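# Structure, please.
(2 chains)
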There are 2 protein chains.
Amino acid sequence: MPLHDHDPYARWLALGRVKGLGGVGFKKLASSFGDPTEAFFASTAELEQVEGLHREAIHGLVNFSGWVEVDDELRRIRDAGVSLVRFTSPQYPARLRMIADPPPCLYLKGEFRAEDERAVAIVGSRSASDYGRRVARDLARGLASFGFTVVSGMARGIDGAAHESALKTGGRTIAVLGSGVERAYPPEHEPLYHRISETGAVVSELPVGTRPMAFNFPARNRLISGLSLGVVVVEATEKSGSLITAALALEQGREVFAVPGEAGASRSRGAHRLIRQGAKLVETVDDIVEEIAPQLARRAGGMTERPARVLPPNAEENTKRVFALLQDNPLQVDQVIERSGLSAALVLEVLLDLELQGFVRQSPGKVYFAEK
Amino acid sequence: MPLHDHDPYARWLALGRVKGLGGVGFKKLASSFGDPTEAFFASTAELEQVEGLHREAIHGLVNFSGWVEVDDELRRIRDAGVSLVRFTSPQYPARLRMIADPPPCLYLKGEFRAEDERAVAIVGSRSASDYGRRVARDLARGLASFGFTVVSGMARGIDGAAHESALKTGGRTIAVLGSGVERAYPPEHEPLYHRISETGAVVSELPVGTRPMAFNFPARNRLISGLSLGVVVVEATEKSGSLITAALALEQGREVFAVPGEAGASRSRGAHRLIRQGAKLVETVDDIVEEIAPQLARRAGGMTERPARVLPPNAEENTKRVFALLQDNPLQVDQVIERSGLSAALVLEVLLDLELQGFVRQSPGKVYFAEK
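Below is the predicted model:
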């Protein structure tokens, strides 16, 4: 079957299987091509124009030969009642789109909603104490009643307590799995899995059929933080995966919160280390909202009075430079490239990010406006 | 009896009773007069030369009439077996001399030792939990075994646990009272009081006979922090006096440490607030030593290799300016005044502080050298 005849979803699934591409390479394609799956039709020479794209990824794209497996997977997806959310879909969570290594495609049970933009992750130890589970429940209940979506990893312990409590409060909750999205893991969380997928969302970037393997969990953690305004670490030993999630959250410019425990409690050692390193100490949901409210106020303000949009202070230098250029006049892409002194690929990437975050708008003829 | 005939100690006690003088006014006298008790022989005009000395203090000095009470007190002091340590005595703790409002005179049961320079305070709630007392004991034992003197306020709860544990470890401990130094308060701490005064020091700035009154405790707390390199708050409610001690420690440029507890525990709320405001989260004595070690290393280094002395980063601008002037050449006081552009009184104060801290040395003829 010739390449062009493939189901458009197949090309998105294929992007996730290209050797050497990964989320970082994919993001570069997404910045260079209006439709990143067009990369399969590009020549080596064209792909070499994509700044920062590794030779291995180019080779993997040009020589991609996994279509049979992809078609198999599409069948499995349909059989499992799983939906696919492509990077370019309006359903794809905007905050996740902003990270450096977003998945081309998300596997979904349930659905994303607009209000999931206001999401906070709660993560922690699988072998949580009664105290830890109580705090996780209290925080999840508080967040849910403030209208926040609670994101977690559906693991035993803290994760489960957070999901349960959000559901009980009638709030939204999203579980990000380290296996195929159709698998309820751990087994005792099967009822929880069904309740989350019925009223919230269970999501994964791993192909249907992938078993829960420990080496998939760190990559999964970047999605937990990537979906969220901030990450709350409730209990974590010193080698906990929650510390990885916290580190990823920092890289992604998200807030990191940690709940203290008693001095010497091994389950609180990780949280205490985070606090020493600058994470905000959290006792109640108010401590979280206080920190996050300024970001939300800015967003909400934009919808009513529409004051001039202000980039977050942790925006990259290049992003600031491009956004500043657009403050006075709308500009064509070429003008932005010329005046910024940045490479074309970089400018396209920055403009895409700004557009996705709602800071700039594109009018016909590729003229970019700063949103007022 | 003419003024000059008074016991020299009487004049020091009198300085503590001059209306409107206080510790801040006293420090100004100490910077202007080689012997601050000379202020009793100074004219109004001479006292008006002392920069920043309030009119009320000048009036109080010139019209001082409390000699009968002072003589009474001297008798009581002898009867109670209390010793007096004057501000100019080598026994007066050097670190306490550096604060903005040091007492002219300390009442002492027991003795100060050179090693009390390495002191850390442990303070906290009177109604401490078992957990709080356990942490106070663990930290005090750790500090004592590292050779630190443990300073506290001999109150019920955390204070008592810290003193007890330091004594048990065979370490030094200092109790700072909010009453006359001869009073064992609270009554159930009488055995503790005797053990501290036998192997450590019980100290107060309040005249013998002063009863323990709540309004004296905040002023007492500045001595707890003033004697110490840092203050550890173990348990503190939101209205705890320990938070005052922590605030004073910050003003004095001392480290502030706080021990976390469980989220929502009312006794940990104060400590959590301190951590949010930047206090170092402490679980074990290592967390304290790690923070304090650089200061001590500088001091110890000075005794062996004698590297150039470096002012602490939180030194005042004026202190830095004066110290910088002395780096190249020894200077006479007048030269320092001229080149610094600061007032004579201020230069004298700064030089005194620098000398007391061991950063400069005075040779005959009032020539000042920076210590190398």
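
# Now do the nearest residue to residue A:278 once chain neighbours are set aside, the pLDDT please.
Residue nearest to residue A:278 in three dimensions, not counting chain neighbours: residue A:256, with 7.9 Å by Cβ to Cβ, 6 or more residues apart in numbering or on different chains. Glycine gets a C-beta too; all of them are placed from N, C-alpha and C. On pLDDT, residue A:256 comes in at 97.

# what's the answer for residue A:60, then?
95.

# Which residues in stretch A:40-52 does the neighbour count mark as buried?
Buried residues in stretch A:40-52, counted by 16 or more other Cβ atoms under 10 Å in any protein chain shown: A:40, A:42, A:47, A:50.

# Hmm, residue A:345 and the last one touching each other?
Yes: between residue A:50 and residue A:345 there is a contact at 6.2 Å, judged by Cβ atoms under 8 Å.

# ok, now how distant is residue A:30 from residue A:100?
In this view, residue A:30 and residue A:100 are 12 Å apart by Cβ to Cβ, to the nearest Å.

# Compare those two (neighbour count), which wins?
Taking other Cβ atoms under 10 Å in any protein chain shown, residue A:30 and residue A:100 do not tie; residue A:30 has more neighbours (24 against 12).

# Can you give me the pLDDT of the more buried one?
On pLDDT, residue A:30 comes in at 91.

# That one belongs to a helix?
Yes: assessed with DSSP: H, G, I helix; E, B strand; the rest coil, residue A:30 lies in a helix.

# Next, the contact list for it, please.
Residues near residue A:30 by Cβ atoms under 8 Å, 6 or more residues apart in numbering or on different chains: A:36, A:87, A:88, A:102, A:352.

# Pick the one among those residues closest to chain B.
Checking the contacts of residue A:30 against chain B by Cβ to the nearest Cβ gives residue A:102 as the nearest, at 32.9 Å.

# number of nearby residues for that closest one?
23.

# Residue A:65 now?
When neighbours are counted by other Cβ under 10 Å, residue A:65 comes out with 8.

# quick one: it from residue A:56, how far?
Residue A:65 sits 15 Å away from residue A:56 when distances are taken as Cβ to Cβ.

# which stretch of helix or strand covers the residue nearest to residue A:278?
strand A:255-258 (DSSP states H and E).

# neighbours around the residue nearest to residue A:278, how many?
The tally of other residues near residue A:256 (other Cβ under 10 Å) stands at 24.

# gap between the two ends of stretch A:318-335?
End-to-end distance for stretch A:318-335, by Cα to Cα, to the nearest Å: 15 Å.

# Which positions within it qualify as buried?
A:318, A:319, A:321, A:322, A:323, A:325, A:326, A:331, A:333, A:335.

# what touches both of residue A:50 and residue A:345?
A:28, A:32.

# Tell me who's in contact with the closest residue to chain B within the stretch 151-300 of chain A.
Nearest residue of the stretch 151-300 of chain A to chain B: residue A:260, at 3.5 Å (Cβ to the nearest Cβ). By Cβ under 8 Å, 6+ apart, the contact set of residue A:260 is A:268, A:271-272, A:275, A:281, A:283, B:260-263, B:268, B:272, B:275, B:281.

# could you redo the last one with a cut-off of 10 Å?
Shown in contact with residue A:260 (Cβ atoms under 10 Å, 6 or more residues apart in numbering or on different chains): A:135, A:268, A:271-272, A:274-275, A:281-283, B:258-263, B:265, B:268, B:271-272, B:275, B:281, B:283.

# Residue A:111 now?
Going by Cβ under 10 Å, 6+ apart, residue A:111 touches A:83, A:85, A:91, A:197, A:199, A:200, A:201.

# Then residue A:314?
Neighbouring residues of residue A:314 by Cβ under 10 Å, 6+ apart: A:250, A:252, A:253, A:254.

# Now the second one: closest residue in space that isn't a chain neighbour?
Leaving out its chain neighbours, the residue that sits closest to residue A:252 by Cβ to Cβ, 6+ apart is residue A:99, at 5.2 Å.

# Does the one you found belong to a helix, a strand or coil?
Look at residue A:99: counting by three-state DSSP, its state is coil.

# Phi first, then psi, for the residue in the stretch 101-250 of chain A that chain B sits nearest to.
Here the stretch 101-250 of chain A gets closest to chain B at one residue, residue A:135, 5.2 Å apart by Cβ to the nearest Cβ. Here is the backbone geometry of residue A:135 (degrees, to the nearest 10): phi -60, psi -40.

# returning to that earlier point: may I ask which of the contacts of residue A:314 has the most neighbours?
Neighbour-wise, the contacts of residue A:314 (other Cβ under 10 Å) top out at residue A:254, 23 neighbours.

# Low-confidence ranges, the stretch 1-150 of chain A, go.
Residues of the stretch 1-150 of chain A meeting the criterion pLDDT under 70: A:1-6.

# Residue numbers of it in contact with chain B?
Contacts of the stretch 1-150 of chain A with chain B, taken as Cβ under 10 Å from any Cβ of the partner chain, map to A:129, A:131, A:132, A:134, A:135, A:138, A:139.

# just the stretch 251-372 of chain A next, same as before
By Cβ under 10 Å from any Cβ, the part of the stretch 251-372 of chain A that sits against chain B consists of A:258-265, A:268-269, A:271-278, A:280-284, A:287.

# Out of those residues, which end up buried?
A:258-263, A:265, A:268-269, A:271-275, A:280-283, A:287.

# In this model residue A:270 seems to touch the residue nearest to residue A:278, though I could be wrong.
No: here residue A:256 lies out of contact with residue A:270, judged by Cβ atoms under 10 Å, at a distance of 11.7 Å.

# what residues do the two have in common as contacts?
A:233, A:243, A:246.

# For burial, what's the neighbour tally of the second one?
Going back to what we said before, that points to residue A:243. Residue A:243: 23 surrounding residues under other Cβ under 10 Å.
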